[in-house]
Every structure is written in C-alpha cells, then in structure tokens.
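# Whatever this is, show me its structure:
(one chain, ligands or ions: 1)
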Amino acid sequence: MTTARKRILTGDRPTGKLHLGHYMGSLANRVRLQDEYESYILIADVQALSTHYEKNENIHRDLLQIAEDYLAAGIDPERATIVIQSRIPEIHELMMYYSMFTSVNVLRHNPTVKAEAAQYGFSDMTYGFLGYPVSQAADISIFKASLVPVGEDQIPHIELARKIVRRFNELYQPVLVVPEVLLSNTPRLIGLDGHAKMSKSLNNAIYLSDTPDEIWEKVRNAVTDPARIHKTDPGHPEVCMVYAYHKEFNKDETDAVAEDCINGRIGCVQCKKNLTRCLNELLDPMRERRVQYLNHPERVTEILVEGSKKAHRVACDTMLEVRDAMGIDYFGEHQ
Ligand code: TRP
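Residues are numbered from 1 along each chain as shown. Sure thing, here's the model as predicted:
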C-alpha cells in the first residue's frame, strides 16, 4: 500500500524580489520539504491587493519575479505545485462562507493585522484587508493542507484558520482538514548594515537575483568592528556584521574566521572577499537555473498555468464537498 504524502501549503504576497532573508527564513526550507511532502506554493496576488490595490500595475511583474525566484532557488515544478491565487476563484467563494461566522472583533485583534495596519498607516482598514486572514484560511483549507510551514508572524493566521475549519466542520459536516503550523525556527537574518532585519524597505537587502558585482558592493559596505582601523588591530567578531554572516554562510570556517580576526591576522577587506565567495557559492547554482528560465520565459508561464490548473481541480473537488456539507448544492448538478 502506498501512503499519500502529507500535503503542505505555503504562500507569499508577490511584492518584489526575494532576498537572502527570505531564502534562509523559508525558501530553503521549502526546497527541502518538497522531497517529503506534497507541496503547494501559493502566490497570493489577491492578498497583495489588500495592501497594494493602487499598485495593481506592478502585480504582474512581481508575480513573474517571485516565480523566477522560487524556480531559481530550487523549487522543482515536478515535485511542488506553484499556484496563482486569483486563478482559484473558489478560494473567494469559500472565504465568503467562512466570513458568515467569523467575528470582526477577532480580526481586529489579530496581532499581525494590527502590526501591518500600523506599518502601512491604515487608520481605517478596508474590508478586504481586515478579512485577508479569512481568505488565508480558505487558501489553506481548500487544498486540505495539513501542515503550513510559516514564521512566527503568521501564527495568528494559522490559529484562526484552525478555528474556522473546526467551526465549519462542527456547523456542517466534517469534510475539511484542520491545518497545523510547521514552525520554521530559523533566526531572522540581520542586515549587513546592522539592522535587526534584512528588508527591501530598509534598503539593506541582498537579492537572490543580484549579480556578483552587486553582492560585492553590498558586502564591501557592510558594518564591521569600528575599533579595527588597521589589519593588525585585534578584532571583535561578535560586533561585526560580516562575522555574523560568516556564521550563517560559511559554517565550516566560522572558528577560523573569528581567530584570524581576534589575532589581527586578516584584514576586513579580505574577510569580506571571503564572505562574498561563500555567498556566490550559494547563489551560483541559482543563477544557472535562473538563466535557463530567463531564456525560456514561456516555460515559467507554463509552470504557473499548469500548477494553477492542477490546483484548481483540487479546489473544485473540495468545494463540491463544502457545498454538499452546507446543503447548498440544491440540484446536485455539480456532482
Ligand atoms: N500572509 C502570507 C504572507 O504575508 C502569505 C500567504 C497567503 C500565506 N496565503 C497563505 C501563507 C497561506 C501561508 C498560507 O507572507
């Protein structure tokens, strides 16, 4: 007997190029997980409109960009299904059913919704923004995903999805799968400028699509130990961003890097060159894959269209059960 692999679903809003922080925080994990699980990766273009509804002209470009970043990073379309959210309109149908029994106050108190509303300066939240966690519950449950690999900030959304699905199953019939969080416990990647976080808006991001020259330019400007003026000055690796990156991207040589720095045996420029080499070792295979896709953009389109079609069939099957469970498939003509 073959046991079906468990299904996982992850997703991102397409809002720009992916950087090393995304890779270390979630994408590398997804690449690993696609061996073990039946993986669905959702490009949440409709959810992106919840904050970027006036920047709709960017969404097409950002959607292709994120798909290229996934494929370059090693997401394998043979093993993982990449889905465009707007191609599955049934998600919005299911969201509407969920909306009927989801409390507005619960959404208002969702800490991630609150933090994002503050970040975007929303004094008066739109209905779609307030409700996006309900849509996310539909994203997950329409595919009957049992696991959702996410970082901490998404936990309130998955908790809500669990509540909504349980409530649906109690109210109607138990046809939906209650999802669980698969917490990725990788620490957040700091910025080379010393900021606690790498992010596009902080202008400190190293993108997966950066060229070797761009990488060197960014690493060259990284903040090092301010007490070190001359190469022979004893360094303090624990305050140096370049050392923090060696710990992440040059694991085998971390101790040697620290020793050379403490003993003033290596200058910061050389140390930065070494780090750049490590970053390029990670990024080179991604560059090779990216070039292949850039030379065949029709292949990317095909992956997105085929992935979305396959996902659509799964979503339609779930919706037959959903409508039947709710007793609203009045004439049985969908069966
Ligand atoms: N809210 C997620 C983010 O901002 C993106 C997302 C949309 C998602 N639908 C999802 C994540 C479903 C996990 C599961 O990153």
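# Only C-alpha atoms from now on, for both contacts and neighbour counts.
OK.
# Which residues of the protein lie near the ligand?
Contact residues (CA under 6 Å from any ligand atom) of the chain with the ligand: 9-13, 44, 136, 139-140.
# so where do the strands sit in the stretch 1-150 of the chain?
Using DSSP state E, counting those that start in this stretch, the strands of the stretch 1-150 of the chain run over residues 7-12, 38-43, 80-84, 147-150.
# and these, which is most packed in?
strand 80-84 (a mean of 24; mean count of other CA atoms under 10 Å).
# what's the angle from it to strand 7-12?
50 degrees (axes from the mean of the first three to the mean of the last three CA atoms, to 10 degrees).
# Contacts for strand 80-84, please.
34, 38-45, 67, 303-304, 307-308, 310-311 (CA atoms under 8 Å, 6 or more residues apart in numbering).
# Could you export that strand as PDB, CA atoms only?
Provided in PDB are the C-alpha atoms of strand 80-84 (Å, rounded to 0.1, in the frame of the first residue of the first chain):
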ATOM      1  CA  ALA A  80       5.900  21.200  -6.000                       C
ATOM      2  CA  THR A  81       2.800  22.900  -7.400                       C
ATOM      3  CA  ILE A  82       3.000  26.700  -7.800                       C
ATOM      4  CA  VAL A  83      -0.400  28.200  -7.700                       C
ATOM      5  CA  ILE A  84      -1.700  31.700  -8.500                       C
END
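# how many degrees apart are that strand and strand 38-43 in direction?
Strand 80-84 and strand 38-43 are oriented at 30 degrees to each other (the same axes, to 10 degrees).
# any idea how far the closest residue to Ser146 other than its chain neighbours is from the ligand?
Using CA to CA, 6 or more residues apart in numbering and skipping residues adjacent in sequence, the residue nearest Ser146 is Pro179, 4.3 Å away. Distance, Pro179 to the ligand, using CA to the nearest ligand atom, to the nearest Å: 10 Å.
# Same question for Gly194.
24 Å.
# same deal with Asn221?
29 Å.
# now swap in Asp324 and tell me
Distance from Asp324 to the ligand, by CA to the nearest ligand atom: 24 Å.
# What strand or helix carries that residue?
helix 297-326 (DSSP states H and E).
# got the angle between that helix and strand 38-43?
Using the same axes, to 10 degrees: helix 297-326 against strand 38-43 is 100 degrees.
# Which of the contacts of strand 80-84 sits closest to the ligand?
Ala44 (5.1 Å; CA to the nearest ligand atom).
# Quick check: the closest residue to Ala315 other than its chain neighbours vs Leu320, distance?
Leaving aside its sequence neighbours, Ala315 sits nearest to Ile142 (CA to CA, 6+ apart; 5.4 Å). Separation of Ile142 from Leu320 (CA to CA, to the nearest Å): 11 Å.
# who has more neighbours, the two?
Each of Ile142 and Leu320 has its neighbours counted (other CA atoms under 10 Å); Ile142 has more, 25 against 16.
# Contact partners for that one?
Per CA under 8 Å, 6+ apart, neighbours of Ile142: 91, 94, 314-315, 318-319.
# what's near enough to touch Ser26?
Residues counted as contacts of Ser26 (CA under 8 Å, 6+ apart) are 149-151, 184.
# same deal with Ile41?
Residues counted as contacts of Ile41 (CA under 8 Å, 6+ apart) are 9-11, 80-83.
# Including pLDDT and distance to Ile215, could the residues you listed go into a markdown table?
Formatted as a markdown table, the contacts of Ile41 follow (pLDDT from 0 to 100; distance: CA to CA, whole Å):
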| residue | pLDDT | distance to Ile215 |
| --- | --- | --- |
| Leu9 | 98 | 31 |
| Thr10 | 96 | 28 |
| Gly11 | 95 | 27 |
| Ala80 | 97 | 29 |
| Thr81 | 98 | 31 |
| Ile82 | 98 | 28 |
| Val83 | 98 | 31 |
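# intersection of neighbour lists for Ile142 and Leu320?
Joint contacts of Ile142 and Leu320 (CA under 8 Å, 6+ apart) do not exist.
# and the gap between the residue of the stretch 101-250 of the chain found nearest the ligand and Met319?
Closest contact between the stretch 101-250 of the chain and the ligand, by CA to the nearest ligand atom, is at Gln136 (4.5 Å). Between Gln136 and Met319 the distance is 16 Å, computed by CA to CA.
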